[in-house]
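**Q** from the sequence below, what's the structure:
(one chain, ligands or ions: 1)
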Amino acid sequence: MVKYDELGCDFMNDNIVVIKDVYKEYTMGEVKVKAADGMNFEIQRGEFVVVLGPSGSGKSTVLNIIGGMDRPTSGEVWVDGKDIAKYSDKDLTIFRRDNVGFVFQFYNLIPNLTAYENVDLVTQVSTNPLNVDDIMSEVSLSERKGNFPSQLSGGEQQRVAIARAVVKNPLMLLCDEPTGALDYKTGKLVLKLLHDINRKLKKTTIIITHNAAVAAMADRVIKVRSGMVESVSVNLSPEPPERIEW
Ligand SMILES: Nc1ncnc2c1ncn2[C@@H]1O[C@H](COP(=O)(O)OP(=O)(O)OP(=O)(O)O)[C@@H](O)[C@H]1O
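**A** Numbers count the residues shown, from 1 in each chain. Predicted coordinates:
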C-alpha cells in the first residue's frame with residue numbers, strides 16, 4: 001500500500017468525491033457529539049473504496065453526507081463537480097434518486113413484492129435505468145426472481161438489494177456494512193459481487209466495514225477515527241476478493 005501523502009496531489013486527476021473540512025455536530029440536550037470533526041479526503045472515479053474505523057468513529061455519518069442523506073454542519077461535499085452541501089432538500093432528493101445506489105446491512109426489501117418486482121420498482125422512478133433482467137442475471141438471481149423475500153436466504157436478499165441499487169444506473173454505490181448480517185462464506189460472495197460490479201459497470205463503490213481484511217481488495221482505504229481521517233492509502237495492486245481471508 002502507498003500512503004496518499006507519498007503520492008502527492010497530482011495523482012488526483014479524476015475525483016468524483018472531494019470532502020473538504022467537513023464537520024457534523026449532533027446536539028442531544030446539553031451534549032454535543034462531533035460525528036465528523038474536520039474530515040478531508042478524495043475518491044477517484046471508478047474506485048473501489050473501503051472505509052474502516054471503530055464503532056462510532058463517523059463512518060456512517062460521512063457516507064450519509066456523501067449520499068445526500070444528511071448535510072454537514074459545515075464544509076464542502078463535492079460529488080461529480082457539485083458541492084451538494086449547498087443543495088436544498090429538493091435538490092438533495094433528486095441527487096439521491098439519480099446518483100446514488102445504497103446498500104445497507106439489512107436488506108429493506110418490500111415483503112409482498114417478488115425479487116424481480118423489488119428491483120423493477122426502482123426503474124419506474126429512475127431517469128436512466130438498466131435492464132432488470134440483465135441485472136438479475138448479473139447478481140445470479142434469474143432463477144429466483146419470482147420468489148418473495150421470505151423465500152430467499154440472507155445472501156440472496158442482499159443480492160436483490162444490490163440489484164435494486166445498481167438497476168437505477170447510479171453514479172456511485174454506497175454500502176454500509178453490506179456483509180454485517182451474513183456468515184463468512186456468504187459475506188465473501190457479496191463482497192466479490194460488489195467488486196465484480198464495480199469493475200464491470202465502472203461504478204465508484206464505497207464500502208463501510210469493521211473488517212480490516214477487506215482493505216486488501218480496495219483501490220483506496222480511508223481509515224477514520226474519532227470523526228477524523230486517520231490515513232488514506234492507495235493500493236496499486238488490490239487482491240482479488242476470493243484471495244481474502246479473515
Ligand atoms: N442522528 C444522530 N444523533 C445523535 N448522534 C448521532 C447521530 N448519528 C450518529 N451520531 C453519533 O455520531 C458518532 C458517529 O456515528 P456513526 O454512526 O457515524 O459511526 P460509525 O463509525 O458508523 O459507527 P458504527 O460502526 O457503530 O456504525 C457516534 O458517536 C454516534 O452516536
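
**Q** near the ligand, which residues of the chain?
**A** By the rule CB under 6 Å from any ligand atom, the part of the chain lying against the ligand is 26, 28, 33, 35, 53, 55-61. Heads up, the C-betas are built off the backbone N, CA and C, glycines and all.

**Q** 8 Å instead, please
**A** Within the chain, the positions near the ligand by CB under 8 Å from any ligand atom are 24, 26-28, 33-36, 53-64, 176-177, 208, 210, 224, 227.

**Q** next step: those restricted to helices.
**A** Among the residues of the chain next to the ligand, DSSP state H puts 59-64 in helices.

**Q** buried only: go through the residues of the chain next to the ligand for me.
**A** Among those, those buried by neighbour count (16 or more other CB atoms under 10 Å) are 24, 34-36, 53, 57-64, 176-177, 208, 224, 227.

**Q** what sits opposite the residue nearest the centre of the chain in the beta ladder?
**A** Centrality entry for the chain: nearest residue to the mean C-alpha point is residue 174, 1.6 Å, by CA atoms, centre = their mean. In this entry, residue 174 is beta-bridged to residue 102, residue 206, by DSSP bridges.

**Q** is it true that it touches residue 104?
**A** No - between residue 174 and residue 104 there is no contact under CB atoms under 8 Å: 9.3 Å.

**Q** residue 158: what's it in contact with?
**A** 103, 107, 178-179, 181-182, 186, 190 (CB atoms under 8 Å, 6 or more residues apart in numbering).

**Q** if we only consider those residues, which is nearest to residue 162?
**A** For the contacts of residue 158, the minimum distance to residue 162 (CB to CB) is 5.6 Å, reached by residue 103.

**Q** ranges for the helices of this protein?
**A** Using DSSP H, helices in the chain cover 4-7, 59-66, 89-99, 115-123, 132-138, 154-167, 184-201.

**Q** can you say which of those helices is nearest to residue 18?
**A** helix 59-66 (10.1 Å).

**Q** which strands and helices lie in contact with the closest one?
**A** Helices and strands touching helix 59-66, by 3 or more CB pairs under 8 Å, 6 or more residues apart in numbering; DSSP states H and E, are strand 15-28, strand 31-44, strand 48-52, strand 74-79, strand 172-176, strand 204-209.

**Q** contacts for it next, please.
**A** 17, 19, 22, 24, 35-36, 39, 51-53, 70-72, 77, 79, 85, 172, 174, 176, 206, 208, 224, 227.

**Q** about what we covered before: out of the helices and strands packed on helix 59-66, which comes closest to residue 117?
**A** Across these, closest to residue 117 is strand 172-176 (CB to CB), at 21.2 Å.

**Q** from the chain's centroid, how far away is that closest one?
**A** Distance of strand 172-176 from the chain centroid (CA atoms, centre = their mean, to the nearest Å) equals 1 Å.

**Q** quick check: angle from that strand to strand 204-209?
**A** 0 degrees (axes from the mean of the first three to the mean of the last three CA atoms, to 10 degrees).

**Q** low-scoring stretches of the chain, by residue?
**A** Scanning the chain for pLDDT under 70 picks out 1-13.

**Q** most distant residue from the middle of it?
**A** Distance from the C-alpha centroid of the chain peaks at residue 30, with 32.7 Å (CA atoms, centre = their mean).

**Q** got the phi and psi for that one?
**A** phi -80, psi -20 (degrees, to the nearest 10).

**Q** check residue 129 too.
**A** phi -70, psi 160.

**Q** in contact with it, which residues?
**A** 122-123, 167-169.

**Q** just the helices of the chain: most buried one?
**A** helix 154-167 (a mean of 24; mean count of other CB atoms under 10 Å).

**Q** and the angle from that one to strand 172-176?
**A** 150 degrees.
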